[in-house]
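[1] Need the 3D shape of this:
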Amino acid sequence: MDITKLFGQMDQFRKKMETLQQQMGQLVLTKEAGAGLVKVTVNGNKQLTAVTIDESLFQTKDKKIIEELIIGATNLALTEIEEKIQTAIQNSTMEA
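    Residues are numbered from 1 along each chain as shown. Here you go, the predicted model:
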């Protein structure tokens with residue numbers, strides 16, 4: 001195998017992965033828990049960027065329920081964003 005060709009392919013792959021990483025960073029996903037009482041937004045870098053809690057939850061004064069809803073919505077969002085990232089990576093490597 002020609003080493004120059006191999007390095008060229010590696011460079012193309014690296015550039016494709018950089019582009020993919022930028023695209024994933026722009027991904028935004030919002031998920032909810034408790035029938036919409038808690039909404040969280042994450043980005044493709046797996047960062048939590050927003051949390052919205054319906055005012056009615058504060059009237060319950062049940063801290064544990066609020067915490068569980070935040071955790072549930074966050075886990076849903078992170079799981080789905082990870083699936084989207086993995087799918088994009090698989091599609092990208094198949095095109096290579």
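[2] Kindly list the single helix or strand of the protein that scores lowest on mean pLDDT.
    Counting by mean pLDDT, DSSP states H and E, the chain has its least confident helix or strand at helix 3-26, which shows a mean of 83.
[3] What residues sit buried inside the longest helix along the chain?
    In the chain, taking DSSP state H as the definition, the longest helix is helix 63-95. By 16 or more other CB atoms under 10 Å, the buried positions in helix 63-95 come out as Ile66, Leu69, Ile70, Gly72, Ala73, Thr74, Leu76, Ala77, Leu78, Ile81, Ile85, Ala88. Where you see a C-beta, it was placed from the backbone N, CA and C, and this is true even at glycine.
[4] And Asn91, how close does it get to Lys16?
    11 Å (CB to CB, to the nearest Å).
[5] which regions of this structure lie under the pLDDT threshold?
    Applying pLDDT under 70 to the chain flags the ranges 1, 95-96.
[6] Can you tell me the centre-most residue of it?
    Ile81 (2.9 Å; CA atoms, centre = their mean).
[7] ok, and what's touching the least confident helix or strand of the chain?
    Asn43, Gly44, Asn45, Lys84, Ile85, Ala88, Ile89, Ser92, Glu95, Ala96 (CB atoms under 8 Å, 6 or more residues apart in numbering).
[8] what about Ala50, neighbour count?
    When neighbours are defined as other CB atoms under 10 Å, Ala50 has 11 of them.
[9] which SS state does it fall under?
    strand (DSSP: H, G, I helix; E, B strand; the rest coil).
[10] give me every residue that touches it.
    Thr30, Lys39, Val40, Thr41.
[11] tell me which residues form a beta bridge with it?
    Per DSSP bridges, the residues bridged to Ala50 are Thr41.
[12] Any figure for the gap between it and Leu29?
    In terms of CB to CB, Ala50 sits 11 Å off from Leu29.
[13] again with Leu76
    Leu76 is 9 Å from Leu29, by CB to CB.
[14] ditto for Asp62
    Counting by CB to CB - Asp62 and Leu29 are separated by 27 Å.
[15] ok, the two, which is more surrounded?
    Leu29 (16 against 11).
[16] about what we covered before: tell me the one of the contacts of helix 3-26 nearest Ser56?
    Asn43 (27.5 Å; CB to CB).
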